[in-house]
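Participant: Just need the structure, nothing else, for what follows:
(chains A and B)
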Amino acid sequence: MYGGGFIPDDIDKKVPVDQEDPVRLEEFQARIDAGEKIEPHDWMPHEYRRQLIRLIEQHAHSEIIGALPEGTWITRAPGFRRKLSLLAKVQDEVGHAQLLYNAAETLGKPREAMINDLLSGKSKYSNVFNYPAKTWADTAVIAWLIDAAAIVNQTTNAKGSYGPYCRALDRICQEESFHLFYGYESVVTLATGTEQQRAMVQEALTRWWKPIMHFHGPPDTSSVHGNQLERWKVKMASNDAMRQTFLNMYVPKIWELGLTVPDPDLKKNEETGQWEFGDPDWDEFWEVIKGNGPCNHERLQVRRKAEEDGRWVREALMARSGKQVLPLS
Amino acid sequence: MNTSALENYILKTADDLLVLGHRHSEWTAFGPVIEEDIAFCSMAQDKVGQAQALYNVLHTTFGYDHPDTLAFLREEGKYTCAQLVELPNGGYDTSLMRHFLFDHAERVRLASLVSCPFEPLANLAKKFKGEVEYHVLHANTWIDQLGNGTEVSKARMQTALDELAPYALGLFEAIEGEQELVEQGVVVSEQDLQAQWQAAIDPILEKAGLAAPDWSSITPVVGGRKGYHSEYLAPLVKEMSEVLVIDTEVEW
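Facilitator: Next up is the predicted model:
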């Protein structure tokens, strides 16, 4: 779908914004302020390109790594209906990775380079996928609440300035909204089922609450990337704002099902309209980012193995490149 | 019509599809390129969906258990799939070659069932045919790519073919009562299907630079249709039922 963007000499090299041509920079900002989309062949500041690659690439990695915790339950899904739904959902997630790698490639970084950076640990992915899906109920909670949190993030970013990323996000959000229905319906089935099923889904929610609260990132005071990205419409809302939107939409639904959120301090302050909550253990968040979460090692090992095992296939494909082959059938 | 033979025919067809769909689904997020994760996952959905529809015919027409019970809560010895579909995925070479061998077999089988006088089966065959065309197209394209790729890919595909050939022939193991069904014009004999299958795949293998086996000299791995399975089916069945057995009486 996308192809051929300008390829800069060194994407990793940092060029401070104040070293850019001030006239072009101003024109660029004016286009963004006017609500125009930036396209691959347009001029853009080096730092805009670098930050976008970082953002889109990490999003792509999150999709492919995110397929792992749920993917392990495809073969165990209870019954045809759930099995077919979960298969389709996880396939969507892998498809999102494909879309996003394509979108990032328009900025000049090849898919291979992105995957290498994932495998070396240089490039990150969403922390939430470093936690295990211990039971079937975990997959239901993930499909409902993690996908819900992702939709909040993605619908916000879909209004950003970079055309290819916005278009990929529009499509992703449409698919994610189906996942949300699927996840919600699965959670409802368990929450309104037997005592055992109810206990399963409560335990899963308790397990996942902390990672869910971490999903939108650290409180904005400690975020490294700030205003510049918001002016360029690379980042469309603060972490805290997205977390508040999520809590507003989903805490009432969780309570409606009679489930308990494992945070006694969680409540809505009616005066400010803001949700207040206890410390979701940001120390743990940073530890997981550093690679010390329960599944970091396993997740990357799985990807490394898939990459290594598939090398001969990719080499065979490259050997044929240039020769156009018609399907035989 | 020999109903019990027809039921067995539908059951073995469904079991093949369910178990192969299970194996295909294991590729999700583990493929050599993302596009292949997606392709195998897509084929898994088709296969599992086809199996469900066939179990449903057994349920609604012949009074078998609900498709979920029938598919996921049987003892290993009651499955009548061929051993080919039970084998672990192995590498991409093995999985791809199995997919190629199986889908060509499914294609000729479906073509033969389109005119089956048992209408529910004929209708499903018509419906599945379109899906399997894509599976065959996918398999053919990749067999050509890898057979004509590098020395390594060619050697790997040849090894996979040689290893799987006896198992692939097991797809055509006749079920009890087949003769009667053939005489009544309900199904085409396995022997005929096998001949059509060989005629379809041999030229594709040759074009891909692979040596087609001398099929007549290979001893087929049989037994699957009678409930004799490889060591790999029991754990697979246990895995499929892991959540359902927590409570078989409830919705999940």
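
Participant: Residue 154 - how many residues pack around it?
Facilitator: With no chain named, the answer covers chain A. Neighbours of residue A:154 under the rule other CB atoms under 10 Å in any protein chain shown: 18. No exception for glycine: its C-beta is placed from N, CA and C like everyone else's.

Participant: Hmm, no, I was thinking of chain B.
Facilitator: By other CB under 10 Å, 17 other residues sit near residue B:154.

Participant: how about it, what does it touch?
Facilitator: B:146, B:147, B:148, B:209, B:210 (CB atoms under 8 Å, 6 or more residues apart in numbering or on different chains).

Participant: so what's it scoring on pLDDT?
Facilitator: We have a pLDDT of 98 for residue B:154.

Participant: wait, is it part of a helix?
Facilitator: Yes - Residue B:154 sits within a helix when classified using DSSP: H, G, I helix; E, B strand; the rest coil.

Participant: so which of the contacts of residue B:154 would you say is closest to residue A:14?
Facilitator: Distances from residue A:14 to these, taken as CB to CB, are shortest for residue B:146 (42.2 Å).

Participant: Tell me where the chain has helices.
Facilitator: Let's take chain A. A:22-33, A:46-71, A:80-105, A:111-120, A:136-141, A:147-157, A:163-191, A:195-214, A:227-231, A:239-256, A:282-287, A:296-309, A:311-320 (DSSP state H).

Participant: was after chain B, sorry
Facilitator: Under DSSP H, chain B gives helices at B:3-25, B:34-62, B:67-72, B:83-86, B:92-113, B:119-147, B:151-169, B:178-183, B:190-207, B:233-240.

Participant: Can you say which of those helices is nearest to residue A:157?
Facilitator: Judged by CB to CB, the one of these that comes nearest to residue A:157 is helix B:34-62, at 21.4 Å.

Participant: now for that closest one, which elements pack on it?
Facilitator: helix A:80-105, helix B:3-25, helix B:67-72, helix B:92-113, helix B:119-147 (3 or more CB pairs under 8 Å, 6 or more residues apart in numbering or on different chains; DSSP states H and E).

Participant: Including mean pLDDT, mean neighbour count and distance to residue B:155, could those go into a markdown table?
Facilitator: Below are the helices and strands packed on helix B:34-62 laid out as a markdown table (pLDDT from 0 to 100; neighbours: other CB atoms under 10 Å in any protein chain shown; distance: least, CB to CB, whole Å):
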| stretch | mean pLDDT | mean neighbour count | distance to residue B:155 |
| --- | --- | --- | --- |
| helix A:80-105 | 96 | 23 | 29 |
| helix B:3-25 | 97 | 23 | 23 |
| helix B:67-72 | 98 | 22 | 38 |
| helix B:92-113 | 98 | 23 | 9 |
| helix B:119-147 | 98 | 19 | 10 |
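
Participant: nearest to residue B:236, of the ones you listed?
Facilitator: Nearest to residue B:236, of all the helices and strands packed on helix B:34-62, is helix B:3-25, at 6.2 Å by CB to CB.

Participant: ok, back up a step: out of the helices and strands packed on helix B:34-62, which comes closest to residue B:45?
Facilitator: Using CB to CB, these put helix A:80-105 closest to residue B:45, at 5.0 Å.

Participant: how far away is the closest residue to residue B:7 other than its chain neighbours from residue A:98?
Facilitator: Of all residues not flanking residue B:7 in the chain, residue B:62 sits nearest, at 5.3 Å (CB to CB, 6 or more residues apart in numbering or on different chains). For residue B:62, the distance to residue A:98 (CB to CB, to the nearest Å) stands at 43 Å.

Participant: Kindly present the helices and strands packed on helix B:34-62 as JSON lines, with separate columns for distance to residue A:184.
Facilitator: Formatted as JSON lines, those follow (distance: least, CB to CB, whole Å):
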{"stretch": "helix A:80-105", "distance to residue A:184": "12"}
{"stretch": "helix B:3-25", "distance to residue A:184": "23"}
{"stretch": "helix B:67-72", "distance to residue A:184": "22"}
{"stretch": "helix B:92-113", "distance to residue A:184": "34"}
{"stretch": "helix B:119-147", "distance to residue A:184": "29"}
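
Participant: With respect to residue A:143, which of these lies nearest?
Facilitator: helix A:80-105 (6.4 Å).

Participant: on that earlier part again, out of the helices of chain A, flag the one nearest residue B:221.
Facilitator: Per CB to CB, nearest to residue B:221 of the helices of chain A: helix A:296-309, 25.8 Å.

Participant: near chain B at all, stretch A:43-61?
Facilitator: No - Stretch A:43-61 lies apart from chain B when judged by CB under 8 Å from any CB of the partner chain; the minimum separation is 9.4 Å.

Participant: which stretch in the helices of chain A is the model least sure about?
Facilitator: Note on those: helix A:227-231 shows the lowest mean pLDDT, a mean of 88.

Participant: Identify the residues contacting that one?
Facilitator: Everything outside helix A:227-231 that qualifies as a contact, by CB under 8 Å, 6+ apart, is A:17, A:29, A:32, A:47, A:51, A:235, A:236.

Participant: wait, doesn't residue B:18 sit right on residue B:86?
Facilitator: No - in this structure, residue B:18 is not within contact of residue B:86 by CB atoms under 8 Å, at 10.9 Å.

Participant: Residue B:115: what's it in contact with?
Facilitator: Residue B:115 touches residue B:122, counting by CB under 8 Å, 6+ apart.

Participant: repeat that with 10 Å
Facilitator: Neighbouring residues of residue B:115 by CB atoms under 10 Å, 6 or more residues apart in numbering or on different chains: B:122, B:125, B:126, B:185, B:188.

Participant: Widest-spaced pair of these?
Facilitator: Across the contacts of residue B:115 (CB to CB), the longest gap, 17.5 Å, separates B:126 and B:185.

Participant: export the contacts of residue B:115 to TSV and tack on distance to chain A?
Facilitator: Compiled in TSV, the contacts of residue B:115 are given as follows (distance: CB to the nearest CB, whole Å):
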residue	distance to chain A
B:122	22
B:125	19
B:126	19
B:185	29
B:188	21
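
Participant: Kindly indicate which of the contacts of residue B:154 lies nearest residue A:106.
Facilitator: So of the contacts of residue B:154, ranked by how close each gets to residue A:106 (CB to CB), first place is residue B:146, at 29.6 Å.

Participant: Around the residue nearest to that closest one when sequence neighbours are not counted, how many other residues sit close by?
Facilitator: Leaving out its chain neighbours, the residue that sits closest to residue B:146 by CB to CB, 6+ apart is residue B:153, at 4.3 Å. Using other CB under 10 Å, residue B:153 has 23 neighbouring residues.

Participant: rewinding a little: right, and the helices of chain B - which one's nearest residue A:24?
Facilitator: Residue A:24 lies closest, by CB to CB, to one member of these: helix B:34-62, at 35.6 Å.

Participant: Pull the distance from that closest one to the chain's centre.
Facilitator: 11 Å (CA atoms, centre = their mean, to the nearest Å).
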